[in-house]
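Engineer: Let's see this in three dimensions:
(chains A and B)
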Number of protein chains: 2
Amino acid sequence: MQRTVLGFALTVALTGAAARADDLRDAAMFLFAPLPSTTPAVADNPITRAKIDLGKALFFDPRLSASGVFSCSSCHNLATGGDDNIETSIGHGWQKGPRNTPTVLNSVLNEAQFWDGRAEDLKAQAKTPVQAGGQMANTPENVVTTLRSMPAYVEWFRGAFPDDADPVSFDNMARALEAFEATLITPAPFDAWLNGDEGALSADARAGLTLFIEKGCASCHKGVNVGGHGYYPFGLVENPGADLLPAGDKGRFAVTSTAIDEYFFRAAPLRNIAVTAPYFHSGKVWDLKVAVEIMAESQLGEELKGREAQQIVAFLESLTGTLPPVAVPVLPAETSATPRPTAEVMGK
Amino acid sequence: MQRTVLGFALTVALTGAAARADDLRDAAMFLFAPLPSTTPAVADNPITRAKIDLGKALFFDPRLSASGVFSCSSCHNLATGGDDNIETSIGHGWQKGPRNTPTVLNSVLNEAQFWDGRAEDLKAQAKTPVQAGGQMANTPENVVTTLRSMPAYVEWFRGAFPDDADPVSFDNMARALEAFEATLITPAPFDAWLNGDEGALSADARAGLTLFIEKGCASCHKGVNVGGHGYYPFGLVENPGADLLPAGDKGRFAVTSTAIDEYFFRAAPLRNIAVTAPYFHSGKVWDLKVAVEIMAESQLGEELKGREAQQIVAFLESLTGTLPPVAVPVLPAETSATPRPTAEVMGK
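Structural biologist: Residues are numbered from 1 along each chain as shown, chains lettered A, B, ... in the order given. As a prediction, the model looks like this:
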């Protein structure tokens, strides 16, 4: 995990390097990386076609929620950039979530999941919304009973986990979801440019990339996902205000209980950022240019001038990628053994 | 519109015909019809590829709802038989709808839309959930403002309605949705059998089909959608009880205000019925065999014996069809002119 001081040191060194070499691509290749052309491997979960197919079915299945209303794809909508494009998610009982939904696209390449990194990988992440009372409001037991009630699911789990004596489990549900989500990689014009296609970035986007490196944005937003690694305080230089940074959400502090982590958040991964408004963990800003200006001021103490913010936006737009085609799966029908959905809100 | 007495006369005649000819397929071809192999034409709305593609984008776009949470596909989920598989739909503000969601699959071939037939076609139907306070809770004005705010949508509407001076309209939204929905045709084993493939139906399914005709089910559930045409009283012979037929919902009476239409409903189209539980307009019955037994008793005064209900279920299962592959569309991103979603419930 990169800390602030290290981050700044790195920026200075790289800014120097970029200037000396006069080679924007060399600097960019040092800071970032093009997306891989194959599905990334994940820890303790060999990815197979059978697992991907099962994970896709599960991703689209609203019966993972107690109400039968929400699937993973409800909030991580592949049609709208892999997120839900609302301030914070709305779930079971019309409850409003505490933070803006991160995109599932390329999320396998993040260091950890959630705004505070509290899930070490997508396996761990996948189990959380399913059980959150304000999201899918289900229990592992009910999910497993649901899946076991449909013979097609039992067969698919067997195919995906052929060595398991008891393949239909909550853990294996999470593994299959991780396998499907690992396929959601979206190569973008920026990748084409990193790979040597000079025409893939406009002059504005290249100018924006230069600013992105020189101003210091890339100290935190770096790596293959242009972010998604390291934890940093929101309001490093100037407090962005209580609207954007509500006092009640102390970010990574909730994970580490360490005072220094108060209001620290994972650097947001910026791939597909132009199609995943609104911005920040609070979801309070809809305009990407405004978000860039706020970040420059709060994190770097920089007031962007003239066309600078616009050029950085042009660079960020070059991170909008292409999703591999995903056909809506055909899910098995319920049986008499399938638990029935309930819209009831516990404690109400 | 077929009325009860006519319906019965027809059954008697056809039962006779089936017995005389000893040819189940002839009788079935007289009562039903195989699905067409091409997209059905609709009134006043020539179907083009551009219109289908636009309609598909709209069908998956949650920004047609005020909250940004619900798209057409939320309740008419193509992954689960074109409906939502819950008792009655859940919409804006976690409000529960009054009736079970009908499937969108093959719905273009119904005589009219909704359980009470109050929309004459899918164009008219499409405008209703978008505006219903307990469903998508939007207004035509806000929908048009939303669509006009995204340049890609403006271009797609222009392509789909090239002769319109003002192509982005609520009416054209509905026309495009109708065009996409008209493509959702699901040929099933029953169609293969009607088309001459003897092996496509099991002996049980053929026995069930015979019972379906001879007992009189096909008096109402007939035509290409095995229903979807004509209005009939639920509880023709015996009242199915207040749980299944709540007194507050008088069915087609709400449309015609004619006393004779009290508790009349459109004969449910039975294609894909095995994957679209729960059943009846009240959505109170999950088991297809139980639903068949209830219908036999309440509509025909018949108590099914031995394996009869099971055989009818085998026939109904042969109506589960195959949807053409539908890839999740990539929707345009919001702009600064896009109205922001609101989860607020009016009047609360």
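
Engineer: tally of neighbours for the residue lying closest to residue A:178 once chain neighbours are set aside?
Structural biologist: In space, and not counting its chain neighbours, residue A:178 is closest to residue A:122: 4.0 Å by C-beta to C-beta, 6 or more residues apart in numbering or on different chains. No exception for glycine: its C-beta is placed from N, CA and C like everyone else's. When neighbours are defined as other C-beta atoms under 10 Å in any protein chain shown, residue A:122 has 24 of them.

Engineer: Could you check the pLDDT of residue A:122?
Structural biologist: What the model reports for residue A:122 is a pLDDT of 96.

Engineer: so who does it touch?
Structural biologist: Listed by C-beta atoms under 8 Å, 6 or more residues apart in numbering or on different chains, the contact set of residue A:122 reads A:42, A:107, A:108, A:113, A:174, A:177, A:178, A:181, A:182.

Engineer: Among these, which lie within helices?
Structural biologist: A:174, A:177, A:178, A:181 (DSSP state H).

Engineer: May I see these arranged in a markdown table, with neighbour count, distance to residue A:323 and pLDDT as well?
Structural biologist: Output for the ones in helices among the contacts of residue A:122, formatted as a markdown table (neighbours: other C-beta atoms under 10 Å in any protein chain shown; distance: C-beta to C-beta, whole Å; pLDDT from 0 to 100):
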| residue | neighbour count | distance to residue A:323 | pLDDT |
| --- | --- | --- | --- |
| A:174 | 23 | 22 | 98 |
| A:177 | 26 | 17 | 98 |
| A:178 | 25 | 17 | 98 |
| A:181 | 26 | 12 | 98 |
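
Engineer: Check these against residue B:312 and report the nearest one.
Structural biologist: Checking the ones in helices among the contacts of residue A:122 against residue B:312 with C-beta to C-beta, the nearest one is residue A:177 at 38.1 Å.

Engineer: Does the closest one touch residue A:126 like I think?
Structural biologist: Yes - if you go by C-beta atoms under 8 Å, residue A:177 and residue A:126 touch, sitting 4.2 Å apart.

Engineer: Pass me the low-pLDDT residue ranges in chain A, would you?
Structural biologist: Under the criterion pLDDT under 70, the flagged ranges of chain A are A:1-22, A:347-348.

Engineer: circling back: overlap in contacts of residue A:177 and residue A:126?
Structural biologist: The contact sets of residue A:177 and residue A:126 overlap at residue A:72 (C-beta under 8 Å, 6+ apart).

Engineer: Secondary structure class of the closest residue to residue A:240 other than its chain neighbours, three-state.
Structural biologist: Excluding the flanking residues, the one nearest residue A:240 by C-beta to C-beta, 6+ apart is residue A:298, at 4.3 Å. For residue A:298, the assignment made with DSSP: H, G, I helix; E, B strand; the rest coil gives helix.

Engineer: do the same with the one 5 residues further on
Structural biologist: Reducing the assignment at residue A:303 to three states with three-state DSSP gives coil.

Engineer: wait, what's in contact with the residue lying closest to it once chain neighbours are set aside?
Structural biologist: Counting by C-beta to C-beta, 6+ apart, residue A:303 lies nearest to residue A:297, which is 6.4 Å off, once chain neighbours are set aside. Contact analysis of residue A:297 by C-beta under 8 Å, 6+ apart lists A:237, A:238, A:240, A:303.

Engineer: from those, which two are the most distant?
Structural biologist: Maximum pairwise distance among those (C-beta to C-beta): 14.2 Å, between A:240 and A:303.

Engineer: Just want to know which of those two has more residues nearby.
Structural biologist: Taking neighbours as other C-beta under 10 Å, residue A:240 and residue A:303 compare with residue A:240 leading, 21 against 10.

Engineer: Closest approach to chain B from the stretch 1-150 of chain A, which residue is it?
Structural biologist: Residue of the stretch 1-150 of chain A nearest chain B, by C-beta to the nearest C-beta: residue A:94 (3.9 Å).

Engineer: what's the nearest residue to that residue if we skip its chain neighbours?
Structural biologist: residue B:94 (3.9 Å).

Engineer: Near residue A:235, how many other residues are there?
Structural biologist: Residue A:235, neighbours per other C-beta under 10 Å, totals 16.

Engineer: Using a markdown table, please lay out the contacts of residue A:122 together with distance to residue A:143.
Structural biologist: Listed next are these as a markdown table, based on distance: C-beta to C-beta, whole Å:
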| residue | distance to residue A:143 |
| --- | --- |
| A:42 | 21 |
| A:107 | 21 |
| A:108 | 22 |
| A:113 | 19 |
| A:174 | 10 |
| A:177 | 11 |
| A:178 | 16 |
| A:181 | 17 |
| A:182 | 21 |
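
Engineer: and of these, the nearest to residue A:331?
Structural biologist: So of the contacts of residue A:122, ranked by how close each gets to residue A:331 (C-beta to C-beta), first place is residue A:177, at 14.4 Å.

Engineer: For that closest one, list the residues it contacts.
Structural biologist: A:55, A:58, A:59, A:72, A:122, A:123, A:126.

Engineer: residue contacts, the second one?
Structural biologist: Taking C-beta under 8 Å, 6+ apart as the criterion, residue A:58 is in contact with A:64, A:72, A:173, A:176, A:177, A:180.

Engineer: okay but the third one is in contact with residue A:142, surely?
Structural biologist: Right, residue A:173. No - in this structure, residue A:173 is not within contact of residue A:142 by C-beta under 8 Å, at 11.9 Å.

Engineer: Of the two, which one has the most company?
Structural biologist: Between residue A:173 and residue A:142, counted using other C-beta under 10 Å, the more crowded position is residue A:173 (25 against 19).

Engineer: Now do the SS call for the nearest residue to the more buried one once chain neighbours are set aside.
Structural biologist: Closest residue to residue A:173 apart from its sequence neighbours, by C-beta to C-beta, 6+ apart: residue A:58 at 5.9 Å. Recorded secondary structure, residue A:58: helix (three-state DSSP).

Engineer: how far away is residue A:58 from residue B:196?
Structural biologist: In this view, residue A:58 and residue B:196 are 39 Å apart by C-beta to C-beta, to the nearest Å.

Engineer: Closest approach to chain B from the stretch 151-300 of chain A, which residue is it?
Structural biologist: Nearest residue of the stretch 151-300 of chain A to chain B (C-beta to the nearest C-beta) works out as residue A:275 at 4.1 Å.
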